[in-house]
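1. Sequence and predicted structure are below.
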Amino acid sequence: MSRIALARIPSLTFYKDSVTASRRGNPIPQLSCIGKPCRLYQPEVVRCTNLGGTGTEVDWKCEADLPEALRLGRVEVSCEGWDGPGDPYVLKGSCGLQYRLVEIPSGLRRGEDPAYPARFSRWVHDLMQDPAALFFMLLWVAAFIFILYNLLSSCFRSRVHPDRGATPRPPPPRWPGSGWFSGGAGPHPDTHDTPPPYSKYPPSASQPRPAEAGGWSPGFWTGAALGWLGTSLMNRQARQRETEYVRAPGMYDWEAERILRPVRTAPYASSPSGSSWWGGAARRRGFDDDDRGEGPSDLGRMRRSTGLGGSNVR
């Protein structure tokens with residue numbers, strides 16, 4: 001065991017599930033997370049750099065890979081004093097790090113207006129950025145309103161003009177000695193059929209026929225057209241989100257550098273014959289050294305986060 005001046009330590013690296021060295025007391029974990037966000041994620045490695053200071057007053061800058069939803073907050077490097085607490089000389093290997101994690105709301109991460117729901121704001125933004133998607137959306141809304149109007153008007157029309165019961169017309173008076181045809185004398189037997197029933201509301205020229213009284217109703221092709229419009233709109237928005245490289249208003253510098261940097265294409269992975277199993281040249285997905293891949297579920301992609309703090313000699 002040896003001692004070293006705390007102010008002369010250039011950098012420290014801390015590992016999760018590891019403990020420190022100890023001479024006067026019990027070892028402590030190298031990494032200790034404080035706060036509720038610690039239940040979501042904890043980094044495996046944290047590296048701290050000496051920013052300067054004297055005695056036990058030394059400032060540190062710590063960096064770790066975290067998901068987009070989390071940030072490094074306040075950090076504190078705690079080391080065991082060689083002779084006791086407050087000693088500027090500390091036991092080598094006895095330093096541990098206490099850090100806090102801060103959870104960032106999704107609206108702030110994506111630069112959305114906090115006055116509107118996140119999904120609604122993103123949906124409106126996508127529509128405004130794509131004129132074709134906006135056109136299809138308006139067309140879909142117009143078709144939906146047209147269908148709804150016809151359905152409602154047909155329903156109200158049937159209620160305003162219900163089917164009225166018909167009353168039979170009384171037969172014309174017949175005098176004794178007369179019949180339906182002239183020239184007859186005396187009573188004639190009633191051999192004619194009764195006339196058809198009539199209504200006191202004569203049909204007008206504008207009144208729809210019975211086959212048309214039901215009004216217009218949408219059919220198979222109308223529904224298929226609306227489904228095609230909706231699918232086209234959703235696919236267009238999805239393609240734009242995949243190919244959009246414009247820097248968002250709330251994007252951080254590290255995000256802009258990663259997204260706007262040209263992606264280097266990896267070497268082709270091909271069979272010895274120079275072609276893939278599918279008959280064409282095999283290709284691999286492009287990669288970027290700064291792209292640390294997907295983070296934990298619902299927390300976003302991994303990126304480098306920085307925290308600042310001081311020292312403590314125990």
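-> That came through, no problem.

2. Which other helices and strands does the one helix or strand Arg100 maps to contact?
-> Element membership of Arg100 [criterion: DSSP states H and E] is strand 96-103. If contacts are counted by 3 or more Cβ pairs under 8 Å, 6 or more residues apart in numbering; DSSP states H and E, strand 96-103 sits against strand 11-15, strand 31-34, strand 45-54, strand 57-67, strand 70-79, strand 302-313. Glycine gets a C-beta too; all of them are placed from N, C-alpha and C.

3. Nearest to Thr231, out of these?
-> Each of the helices and strands packed on strand 96-103 has some distance to Thr231 by Cβ to Cβ; the shortest is strand 57-67, at 32.3 Å.

4. Tell me which residues are up against the closest one.
-> 6-7, 9, 12, 40-41, 43, 45-53, 72, 75, 77, 97, 99, 101, 292, 295-296, 299-311 (Cβ atoms under 8 Å, 6 or more residues apart in numbering).

5. Can you mark which positions in it are buried?
-> Of all the residues in strand 57-67, those buried under the rule 16 or more other Cβ atoms under 10 Å are Val58, Trp60, Lys61, Cys62, Glu63, Ala64, Leu66, Pro67.

6. any idea of the mean pLDDT in it?
-> Averaged across strand 57-67, the pLDDT comes to 96.

7. Pull the residues that contact the strand holding Arg100.
-> With Cβ under 8 Å, 6+ apart as the test, strand 96-103 has contacts from 12, 14, 20, 28-38, 40-42, 46, 48, 62, 66, 69-79, 307, 309.

8. Show me the helices in this structure, by range?
-> For the chain, the helices defined by DSSP state H cover 106-109, 118-129, 131-160, 220-243, 253-260.

9. mean pLDDT for the ones you listed: which is lowest?
-> helix 253-260 - the lowest mean pLDDT of the helices of the chain, at a mean of 47.
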